[in-house]
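Q: Provided below for reference: sequence and predicted model.
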Amino acid sequence: MGNIKTIITFALAVILPLLIITIALREDKTENQVLLNLQMEFPVKHQSGTDHGSMEILQQDFDNPHEITAACLSCHTERGKEVMQSAHWNWEREAYIPGRGVTYLGKKNLINNFCTGIFSNEASCNRCHIGYGWKDKTFDFANQFNIDCLVCHDNTGTYEKARGQAGYPVMGEEGPDFKPILASVGRPKSENCGSCHFHGGGGNNVKHGDLEMALLTAGRDVDVHMGVDGMNMDCVDCHSATNHKMKGRYYGTSSENTQRAECTDCHTAMPHTNNKLNEHTIKVACQTCHIPVYAKVNSTKMSWDWSTATRLRDGKPYVDLDSLGNELYTSIKGSFGWHRMVTPEYTWFNGTADHHLLTDKVDVNDLPLKINKLNGSYDDHDSKIYPMKVHRGRQPYDTELHNLIQAKLWDKEANMGALWLDLNWERALIEGMEYAGLPYSGKYDFIQTEMLLPVNHMVSPANEALSCIDCHTREGGRLQYLTDFYMPGRDYNATLDTFGKYLIILSIIGVMVHGAIRFVAARKNA
Amino acid sequence: MKETKTVKAYVYKGFERFWHWMQSFLILFLALTGFEIHSSYSLMGFETAVDLHNKAAWAFIVLIVFAIFWHFTTGEWKQYLPTTQNLKAQAEFYIFGIFRNAPHPTKKTVISKLNPLQRLVYLGLKILIIPVMVVSGLFYMFYRYPQAGTIQSANIEKLETVALLHTLGAFLLIAFVIVHLYLITTGHTITSNLKAMITGWEELEADTDAEKENKKNEKEENNESK
């Protein structure tokens, strides 16, 4: 009997503390196998399976780019039909939006708060369309010879679409040398994508803030994937394509939660060795912690006030620059705000969005007007917290009919009603809305608008990711405005905390008073 | 005050003392880390605090499992059966009698070490506060909503209720510790209760039953130390 007791006592006194200490000190030291696998997989660079330089059909002197397309399609016979089904071609997607039904929305018909929209400005804006000749509503989307293969597949970096030419390159003597371009064609490089996607909004890094020329030359500190001193990945390594349909969406124009390029496509849903971090991925998008700042190299446009446009200095239009060379004011576009190293704003997002259409009514009691509405909330199981660039604008709206107005901004020549040439709002608005086929009362004012652009690029190295206290802190945390849920470290119940504080204080006072009386009483009795 | 004959008794067994001190250490440590997580102060950093708080929580749960086992196998759980006998007298002692050097109204014996107030408060701790802390703590730990992939979770819609309950329990425990620490000094002498919880031995009022119990325990103590 005694022996058993001794053994039990020994077990309790020695083994139990050891057990507790072991549990307490147990650390996960597992390597991040997922990351190691990716590091082996991605350095293998794509090799072309064909020498296009030896193909007879590509040796001709082409007079017009449609012939080049025809030459491509003579071998790649079905690719034209593929391309014509893509959003890159159609600039719209078929999408079901609750409350609207099946919609066909995209750059083709949506309004934004940068240059506002393409209606009546196609020949300029549509330089960035993957086709030739979309200068007005007559463009033939069913003609596959209108496709511009080279803007994506030129691997020399010398092909370029001309300004104001509706997507055509300069041809002839002045134009690019097509022989080497055609010999080089292959998988798109980041330069190809960047020729348009880095310049959205009319200049480098203007629109997105996380997509810009610097990505082609910067190191891992700017973008851990594309860093030239790192994995040096191309856009299409993540934005892969099947039959010319690219993975990835931009929610200034997209509406549905499909065909997205996700971090988890490569990194899996359990990317951390620390489980506490893996648990966070249920409610927090990877980007939220791993993109602590964007616009790391060049500034991005954060605000655009159209209402100040058309001013003159000494009777002439003018431009004001800041110390970094960013335009603070131009007579043709108005005033801008620029920022570098921007901290994102955060919102719940489930991958679905709605958009403010030109035909939608403006609610002047709910400003700023949301140009795009990203759906999501804490209670929605599909939502996660995402980082956003919020672009704030002031743009024209119809004070009688209560809708936003599309202005005519561009034309080849003056006195055609284009704002950028004539600096006349009244005429530009009339021309723009007439082209769009929409009514306009003739009375306008400027209204505050907001666009949310999810930040997905410029992922920082892991050691620069956010840490706990960036959010789990009482005041001024990253998520201080996202208040539809309880977050430890930030939230508390004021009544409960006051109760607790007084409970502790009164307990202390109580025992002190009791002790003091005992002390005095004991001396009296003694 | 009349002289009472006292006798040394082995009141707190080895495991009981180990359990008591481990529990007190863990509660203080959990409070220290817990209120950092609550952002009441910044000491070791949020991340470290969470990590240590969770580890200490598991240690506490292990300890509780052992303690429950001990209480039932030794029959010590009966010490916590509430009684109304002497309850009023005990309360009056703390409010009046203690200042007049009146005798303790409840006689402490080995088979009944707790006065009626202690019985009530400790029972409340055991069946209310500690379980609330453990259960809300586990929900807190496993709160991941909604379930996703292979990550296990307890599906609770809102963390708020769980978190506030856990906070309330923490405040009550702190208040308990403060009062408890003070009441240690209200034993036969100022330090007799503390000494008893460290050594297990305490001077108890002489009582024939107690002496018998005492002798039996002395034998056990000798066996244990062998």
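A: That came in fine, so what should we check first? Residues are numbered from 1 along each chain as shown, chains lettered A, B, ... in the order given.

Q: any idea where the strands of the stretch 201-350 of chain A begin and end?
A: Along the stretch 201-350 of chain A, counting by DSSP state E, counting those that start in this stretch, strands occupy A:241-242, A:245-246, A:300-305, A:319-321, A:327-330, A:334-339, A:345-349.

Q: Redo the ones you listed as JSON lines? Include distance to A:G53.
A: For every residue, glycine as well, the C-beta is placed using N, CA and C. JSON lines is the format used below for the strands of the stretch 201-350 of chain A (distance: least, CB to CB, whole Å):
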{"stretch": "strand A:241-242", "distance to A:G53": "24"}
{"stretch": "strand A:245-246", "distance to A:G53": "27"}
{"stretch": "strand A:300-305", "distance to A:G53": "39"}
{"stretch": "strand A:319-321", "distance to A:G53": "44"}
{"stretch": "strand A:327-330", "distance to A:G53": "42"}
{"stretch": "strand A:334-339", "distance to A:G53": "43"}
{"stretch": "strand A:345-349", "distance to A:G53": "46"}
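
Q: Okay, buried residues for stretch A:228-238 please.
A: A:G230, A:M231, A:N232, A:M233, A:D234, A:C235, A:V236, A:D237, A:C238 (16 or more other CB atoms under 10 Å in any protein chain shown).

Q: which one's the longest helix in the chain?
A: Since no chain was named, I'll use chain A. helix A:494-525 (DSSP state H).

Q: if you could check chain B rather than the one you did, that'd help
A: As assigned by DSSP H, the longest helix anywhere in chain B is helix B:46-74.

Q: and that helix, what does it pack onto?
A: helix A:16-25, helix B:14-37, helix B:130-142 (3 or more CB pairs under 8 Å, 6 or more residues apart in numbering or on different chains; DSSP states H and E).

Q: run the last query once more with 10 Å
A: Secondary-structure packing of helix B:46-74 (3 or more CB pairs under 10 Å, 6 or more residues apart in numbering or on different chains; DSSP states H and E): helix A:16-25, helix A:275-280, helix B:14-37, helix B:130-142.

Q: A:E56 is nearest to which of the ones you listed?
A: Minimum separation from A:E56 across these (CB to CB) falls at helix A:275-280, 56.1 Å.

Q: How about the contacts made by B:A102?
A: Going by CB atoms under 10 Å, 6 or more residues apart in numbering or on different chains, B:A102 touches B:M1, B:A89, B:E92, B:F93, B:F96.

Q: what about the second one, neighbour count?
A: Around B:A89 sit 16 other residues, with neighbours defined as other CB atoms under 10 Å in any protein chain shown.

Q: next structured bit after the longest strand along chain A?
A: Assignment by DSSP state E gives strand A:384-398 as the longest strand of chain A. Counting by DSSP states H and E, the element after strand A:384-398 in chain order, helix or strand, is helix A:419-422.

Q: now what about that next one, what contacts it?
A: A:115, A:121, A:124, A:306, A:309-310, A:317, A:330-333, A:396, A:407-416, A:425, A:427-429, A:431-432.

Q: Kindly report the same for stretch A:433-443.
A: Around stretch A:433-443, the neighbours that count as contacts under CB under 10 Å, 6+ apart are A:109, A:111, A:117-122, A:136-137, A:358-359, A:396-408, A:417, A:426, A:429-432, A:444.

Q: Could you rerun that using 7 Å?
A: A:119-120, A:358-359, A:398-401, A:405-406, A:408, A:429-430 (CB atoms under 7 Å, 6 or more residues apart in numbering or on different chains).

Q: What is the burial count for the residue in the stretch 51-200 of chain A positioned nearest to chain B?
A: Residue nearest to chain B within the stretch 51-200 of chain A: A:P98 (20.7 Å; CB to the nearest CB). A:P98 is flanked by 9 other residues according to other CB under 10 Å.

Q: name the helices or strands packed onto the helix or strand hosting A:K5?
A: Using DSSP H and E, A:K5 sits in helix A:2-10. Under the contact criterion of 3 or more CB pairs under 7 Å, 6 or more residues apart in numbering or on different chains; DSSP states H and E, helix A:2-10 touches helix B:208-225.

Q: model confidence over the helix it packs on, on average?
A: For helix B:208-225, the mean per-residue pLDDT is 54.

Q: can you pull the buried residues of the longest strand of chain A?
A: A:384-389, A:391-398.

Q: What is the neighbour count of A:H272?
A: Neighbours of A:H272 using other CB under 10 Å come to 17.

Q: Same question for A:N275.
A: A:N275 has 11 neighbours, counted by other CB under 10 Å.

Q: Flag every residue of chain A that's near chain B.
A: Where chain A comes near chain B, counting by CB under 7 Å from any CB of the partner chain, the residues are A:2, A:5-6, A:9, A:12-13, A:16, A:19-20, A:23-24, A:269-270, A:278-279, A:282, A:381, A:467-469, A:472-474, A:486, A:488-489, A:492-493, A:496, A:500, A:503-504, A:507-508, A:511, A:515, A:517-518, A:521, A:525.

Q: now those residues: which count as buried?
A: By 16+ other CB under 10 Å, those give A:9, A:12, A:16, A:20, A:270, A:278-279, A:282, A:468, A:472-473, A:486, A:488-489, A:492, A:500, A:503, A:507, A:511, A:518 as buried.

Q: got the contact list for the spatially closest residue to A:G209 that is not a sequence neighbour?
A: Distance criterion CB to CB, 6 or more residues apart in numbering or on different chains; nearest residue to A:G209, sequence neighbours excluded, is A:T300 at 3.5 Å. By CB under 7 Å, 6+ apart, the contact list for A:T300 reads A:N205, A:V206, A:G209, A:W338, A:H339, A:V342.

Q: at 8 Å instead, please
A: Going by CB atoms under 8 Å, 6 or more residues apart in numbering or on different chains, A:T300 touches A:N205, A:V206, A:K207, A:H208, A:G209, A:E212, A:Y294, A:W338, A:H339, A:R340, A:V342, A:K389.

Q: Put together JSON lines for those residues, with pLDDT on each row.
A: Converted to JSON lines, the contacts of A:T300 look like this (pLDDT from 0 to 100):
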{"residue": "A:N205", "pLDDT": "97"}
{"residue": "A:V206", "pLDDT": "97"}
{"residue": "A:K207", "pLDDT": "97"}
{"residue": "A:H208", "pLDDT": "97"}
{"residue": "A:G209", "pLDDT": "97"}
{"residue": "A:E212", "pLDDT": "97"}
{"residue": "A:Y294", "pLDDT": "98"}
{"residue": "A:W338", "pLDDT": "98"}
{"residue": "A:H339", "pLDDT": "97"}
{"residue": "A:R340", "pLDDT": "97"}
{"residue": "A:V342", "pLDDT": "98"}
{"residue": "A:K389", "pLDDT": "98"}
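
Q: which one of those residues sits closest to A:N375?
A: The shortest approach to A:N375 among the contacts of A:T300 belongs to A:K389, at 18.0 Å (CB to CB).

Q: Quick check: bridge partners of the closest one?
A: A:L453 (DSSP bridges).

Q: separation between it and A:N456?
A: 10 Å (CB to CB, to the nearest Å).

Q: Same question for A:N232.
A: Note on A:N232: its distance to A:N456, by CB to CB, is 19 Å.

Q: Please apply the same query to A:W348.
A: In terms of CB to CB, A:W348 sits 16 Å off from A:N456.

Q: With neighbour numbers in mind, choose between these two.
A: Counting neighbours by other CB under 10 Å for A:W348 and for A:N456 shows that A:N456 has the greater number, 24 against 21.

Q: List the residues that contact A:K81.
A: A:K81 touches A:Q144, counting by CB under 8 Å, 6+ apart.

Q: Below-threshold pLDDT in chain A: ranges please.
A: For chain A, applying pLDDT under 70 flags the ranges A:1-2, A:10-11, A:23-30, A:526.
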